[in-house]
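Colleague: need coordinates for the below:
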Amino acid sequence: MLTSRQKKVLLAVVRDYIKNGNPVGSKALANQLPFQVSSATIRNEMAYLERKGLIKKTHSSSGRLPSINGYRYYIDHLISPNPVTKTDQEIIRHALNGHFHKIDEIVKQSADILSNLTHYTALTLRPEQSKKRKLSGFRLVPLGNSEVMAILVTDNGEIENQVFHITSDVSGEQLEMIVRLINSHLKGEAISTVLDQLKTQIPAEVSRYIRTPDGFLDTFYDVLNKAVRDRFYIGGELNLLNFTNSSDIGYLKPLYTLLNKTNNISNFIGDPNQPISVKIGSELSNDLLRHYSVITGTYNVGNYGKGLIAVLGPTRMPYSKIIGIVSAFRKDLAERLLGYFRNYYDQ
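Modeller: Below you'll find the model as predicted:
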């Protein structure tokens, strides 16, 4: 348990270090604290905070900087998020009010907006809708040279496609029969039901028209999974360069690889059950991220699912400002997506 004065000293250390990036000394703190005490008293309080593991001394200076535990205490007990500025609020609403054809366009645009507002790397995940989404239609389009494009349309207007090869003995008439079969059996069904029937009932039906249906059905299955899988979008990847030492540039390559793997991202983002969550340094459970923090916001579109937005930046980021932006952004994004969903599902 910290005293009121110790909390104010820790708060001043964190704020000063975030602002200037230099270890903070007792003399500098004396001018920032909302009360007057001697430098000796401040040094005593800083020594106590250091023993508690909340601040630490560097080898090159007598000043102190926050430890991971210090940042954690600051986030959990001392922080006061800044309200989003009027300018930033207008930027968010103007960008989200554009004309979009599908959900992924909105979510992808959100990553770019959030990155531009924060000057860090942003990640966005669209709402999970697999239980709600239904198959609206399926087509096969011959492309020549034994290539066929499978096109799938869901009931919210989203389109997925994939090109695959067929054997030379499969005719256009056979393909058309398969399309009619799938649409008659599966159109209007939930995607989860379609995926299940592709493994049970449909193979026997399709085998009436082509000798080896497995390759074709595997492709259809892949397209369906593509339509409902979790999708992350990343904005401002190059912003990582802005707070990385020149000697660490090689360190960014595996970090970029990490960011572009969906399963890895799922492991280090914040708690999807919390409106706002913050993970710092070693809390991210990946050594590549030991000098970074992730601020995550959950946006809720009711029956249509929950999605995530996140900002990846240095441990020394202005948490009050970024949390304020993420908090405002998640609410505006939820409102925009809710309007989109209602246009398709509630007509």
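Colleague: looks to me like Tyr209 is in a helix.
Modeller: No: counting by DSSP: H, G, I helix; E, B strand; the rest coil, Tyr209 is not part of a helix but coil.
Colleague: isn't it right up against Glu176?
Modeller: No: under the criterion of CB atoms under 8 Å, Tyr209 makes no contact with Glu176, lying 9.4 Å away. All C-beta atoms are positioned from the backbone trio N, CA, C, and that covers glycine.
Colleague: in terms of neighbours, single out the busier of those two.
Modeller: Tyr209 (18 against 14; other CB atoms under 10 Å).
Colleague: and that one, what pLDDT?
Modeller: Per-residue pLDDT puts Tyr209 at 74.
Colleague: low-confidence ranges in the stretch 51-200 of the chain?
Modeller: Scanning the stretch 51-200 of the chain with the threshold set as pLDDT under 70 gives 60-61, 128-132, 156-158.
Colleague: for Ala310, grab the count of nearby residues.
Modeller: 26.
Colleague: can you offset everything so residue one is 43?
Modeller: In the new count, where the first residue is 43, that last one comes out as Ala352.
Colleague: and it, helix, strand or coil?
Modeller: strand.
Colleague: contacts only, for it.
Modeller: Ala164, Leu165, Thr166, Ile311, Gly312, Val336, Ile337, Thr338, Gly339, Val368 (CB atoms under 8 Å, 6 or more residues apart in numbering).
Colleague: check the gap between it and Thr340 for me.
Modeller: Here the criterion is CB to CB, to the nearest Å. By it, Ala352 lies 10 Å from Thr340.
Colleague: swap in Ala89?
Modeller: For Ala89 relative to Thr340 (CB to CB), the value is 40 Å.
Colleague: so what's Phe142 closest to, chain neighbours aside?
Modeller: Excluding the flanking residues, the one nearest Phe142 by CB to CB, 6 or more residues apart in numbering is Ile148, at 4.9 Å.
Colleague: need the contact list for the one you found.
Modeller: Leu138, Phe142, Leu375, Arg378, Leu379, Tyr382.
Colleague: then Leu237?
Modeller: Tyr263, Leu266, Asn267.
Colleague: what do you get if the cut-off is 6 Å, keeping everything else the same?
Modeller: Leu266 (CB atoms under 6 Å, 6 or more residues apart in numbering).
Colleague: now do the SS call for it.
Modeller: helix.
Colleague: where's it relative to Tyr116, distance?
Modeller: 46 Å.
Colleague: what's the end-to-end length of stretch 301-317?
Modeller: For stretch 301-317, the first-to-last residue distance is 22 Å (CA to CA, to the nearest Å).
Colleague: what ranges do the strands span in this protein?
Modeller: Assigned by DSSP state E, the strands in the chain fall at 97-99, 106-108, 163-167, 177-186, 189-196, 201-207, 274-277, 318-322, 334-342, 348-356.
Colleague: buried ones in the fifth one, by neighbour count?
Modeller: Read it as strand 189-196. Going by neighbour count (16 or more other CB atoms under 10 Å), the buried part of strand 189-196 is Val190, Ala192, Ile193, Leu194, Val195, Thr196.
Colleague: can you pull the contacts of Gln128?
Modeller: For the record, residue 128 is Lys, not Gln. Contacts of Lys128 by CB under 6 Å, 6+ apart: none found.
Colleague: pick the most buried one from the strands of the chain.
Modeller: strand 163-167 (a mean of 27; mean count of other CB atoms under 10 Å).
Colleague: just give me how far it sits from the chain centre.
Modeller: The chain centre lies 4 Å from the centre of strand 163-167; the measure is CA atoms, centre = their mean, to the nearest Å.
Colleague: helices or strands up against that strand?
Modeller: helix 145-160, strand 274-277, strand 348-356 (3 or more CB pairs under 6 Å, 6 or more residues apart in numbering; DSSP states H and E).
Colleague: now the angle from the last one to strand 318-322?
Modeller: Read it as strand 348-356. 40 degrees (axes from the mean of the first three to the mean of the last three CA atoms, to 10 degrees).
Colleague: quick one: strands adjacent to strand 348-356?
Modeller: strand 163-167 (antiparallel), strand 334-342 (antiparallel) (DSSP bridges).
Colleague: pull the CA atoms of it into PDB?
Modeller: This file holds the C-alpha atoms of strand 348-356, laid out as PDB (Å, rounded to 0.1, in the frame of the first residue of the first chain):
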ATOM      1  CA  LYS A 348     -17.700  -8.500 -30.600                       C
ATOM      2  CA  GLY A 349     -14.600  -7.200 -32.200                       C
ATOM      3  CA  LEU A 350     -11.300  -5.800 -31.000                       C
ATOM      4  CA  ILE A 351      -9.100  -2.800 -31.800                       C
ATOM      5  CA  ALA A 352      -5.600  -2.400 -30.400                       C
ATOM      6  CA  VAL A 353      -2.600  -0.100 -30.400                       C
ATOM      7  CA  LEU A 354       0.900  -1.400 -30.200                       C
ATOM      8  CA  GLY A 355       3.500   1.100 -29.100                       C
ATOM      9  CA  PRO A 356       6.500   1.400 -26.900                       C
END
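Colleague: could you chop the chain up by domain?
Modeller: 46-120, 128-170+272-387, 177-270 (automatic domain parsing).
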